[in-house]
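Asker: got a structure for you, letters missing:
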């Protein structure tokens, strides 16, 4: 099955299951961070849309624990950058209907949460097809390594995701049921 057909199938299923209220347990996430002994303070998240798994509770708790958080702003040519953001800061809606911070200071996360359409056991991620995250990761990792964490519902897992040389593999995938990686 090609990427387009997989996207269509998973997105319909995700929309149908959006009322199930699955979520990632923030305590499980913080336990995961402690076991990895990460000493990072800068996180990049996303504002959930299109029935994506919600990362806002985790971002809120990160901010309460004095971590820096940021959200992406989509730019021209399928590019994006992350900008410092606080849970109390206003947002604007971009052309895709996704809330973004009102431009502030550009920000370089050390740990990046990625939304996804589907994933496999090899930590491959299938996104929406625009390549925004893949291009961003490619640009940033020329200067520094970032930890890439895909957030998903467990039912989004497939046996194998078709990939190209442009697709960036994740370091971890966290679902409401497990952590892969």
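Answerer: That came through, no problem. Remember, predicted model here, so these are calculated numbers, not experimental data. Numbers count the residues shown, from 1 in each chain.
Asker: hey, what's the residue nearest the centre of the chain bridged with?
Answerer: Geometric centre of the chain, nearest residue: residue 114, 1.5 Å, by Cα atoms, centre = their mean. Assessed by DSSP bridges, residue 114 has beta-bridge partners residue 150.
Asker: roughly how far apart are it and residue 142?
Answerer: According to Cβ to Cβ, to the nearest Å, residue 114 and residue 142 sit 18 Å apart. C-beta coordinates here come from the backbone N, C-alpha and C atoms, glycine included.
Asker: quickly find the element holding residue 173.
Answerer: If you go by DSSP states H and E, residue 173 is part of strand 172-174.
Asker: list of residues touching the helix or strand following that strand?
Answerer: On the C-terminal side of strand 172-174, the nearest following helix or strand under DSSP H and E is strand 179-180. The contact list for strand 179-180, computed with Cβ atoms under 8 Å, 6 or more residues apart in numbering, reads 28, 32, 119, 121, 123, 172, 173, 174.
Asker: show me how to select, in PyMOL, the buried members of the residues you listed.
Answerer: In PyMOL syntax, the buried subset of the contacts of strand 179-180 is picked out as below (16 or more other Cβ atoms under 10 Å):
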select buried, resi 32+119+123+172+173+174
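Asker: need the max-distance pair from the contacts of strand 179-180.
Answerer: The span of the contacts of strand 179-180, defined through Cβ to Cβ, is set by 28 and 121 at 19.4 Å.
Asker: mind listing what's buried in the longest helix belonging to the chain?
Answerer: Assignment by DSSP state H gives helix 3-16 as the longest helix of the chain. Residues of helix 3-16 classed as buried under the neighbour-count rule (16+ other Cβ under 10 Å) are 3, 6, 7, 10, 11, 14.
Asker: what is the nearest of those to residue 164?
Answerer: Residue 164 has its nearest neighbour among the buried residues of helix 3-16 in residue 3, at 9.0 Å by Cβ to Cβ.
Asker: who are the contact partners of the closest one?
Answerer: The contact partners of residue 3, taken as Cβ under 8 Å, 6+ apart, are 126, 129, 162.
Asker: 6 Å - rerun?
Answerer: Taking Cβ atoms under 6 Å, 6 or more residues apart in numbering, we find residue 3 in contact with residue 162.
Asker: any idea how far it is from residue 95?
Answerer: Distance of residue 3 to residue 95, computed by Cβ to Cβ: 22 Å.
Asker: can you check residue 88 too?
Answerer: Separation of residue 88 from residue 95 (Cβ to Cβ): 25 Å.
Asker: who does the spatially closest residue to residue 157 that is not a sequence neighbour bridge with?
Answerer: Nearest non-adjacent residue to residue 157, counting by Cβ to Cβ, 6 or more residues apart in numbering: residue 119, 5.8 Å away. Here residue 119 sits in beta bridges with residue 125, residue 157, going by DSSP bridges.
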